[in-house]
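>>> here is a sequence together with a model predicted from it:
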Amino acid sequence: MNRDCIFCKIAAGEIPCRKVYEDEEVIAFHDINPAAPVHFMLVPKVHIVSLADARAGHEGLLGRILLLAPRLAGEQGLADGFRTIINTGRGGGQEVMHLHVHVMGGGRLHPM
Ligand code: AMP
Ligand code: ZN
């Protein structure tokens, strides 16, 4: 756990969140500033700074997160589909330096 990291504190239950899902390795919660009618994030509990810091040992964890995305999206009512975004580093617009996968939908999304 990184004591300076807000997502580590959420994963540890020290900061409240609107939880979507939790297991031993992963927590998912609604974005505090949603960019779509449904907008939540999948977050590994272990502190990985960004996708650029993920290593071979994280393969299983990353795979689990990607497989959880459609399941949780469906549970959140995104039967029509959803967008996933992983911002990486300052150049990728990442603001919280703990790896997370955004899942959003429920309205018209701008084309990429
Ligand atoms: P990113 O730009 O990919 O790093 O996204 C960080 C996201 O975290 C933003 O969409 C924020 O709205 C969201 N966020 C920041 N603090 C919190 C929080 N305490 N609870 C839920 N979402 C948060
Ligand atoms: Zn962290």
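All right, it came through fine. Numbers count the residues shown, from 1 in each chain. Ligands and ions are numbered 1, 2, ... in the order given.

>>> point out where this protein drops to low pLDDT.
Under the criterion pLDDT under 70, no range of the chain is flagged.

>>> show me where the chain has its strands.
With strands called from DSSP state E, the chain shows them at 19-22, 26-30, 38-44, 83-85, 101-105.

>>> next, format those strands as a markdown table and append distance to Gly60.
The C-beta positions use only the backbone N, C-alpha and C, and glycine is treated the same way. Listed next are these as a markdown table, based on distance: least, CB to CB, whole Å:
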| stretch | distance to Gly60 |
| --- | --- |
| strand 19-22 | 17 |
| strand 26-30 | 11 |
| strand 38-44 | 11 |
| strand 83-85 | 18 |
| strand 101-105 | 15 |
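
>>> which of these sits closest to Phe7?
Of all the strands of the chain, strand 38-44 sits nearest to Phe7, with 5.2 Å by CB to CB.

>>> who in the chain is up against ligand 2?
When proximity is defined by CB under 5 Å from the ion, the chain lies next to ligand 2 at 2, 5, 7-8, 47, 98.

>>> and those, which of them are buried?
Using 16 or more other CB atoms under 10 Å as the burial test, the residues of the chain next to ligand 2 include 5, 7-8, 47, 98 as buried.
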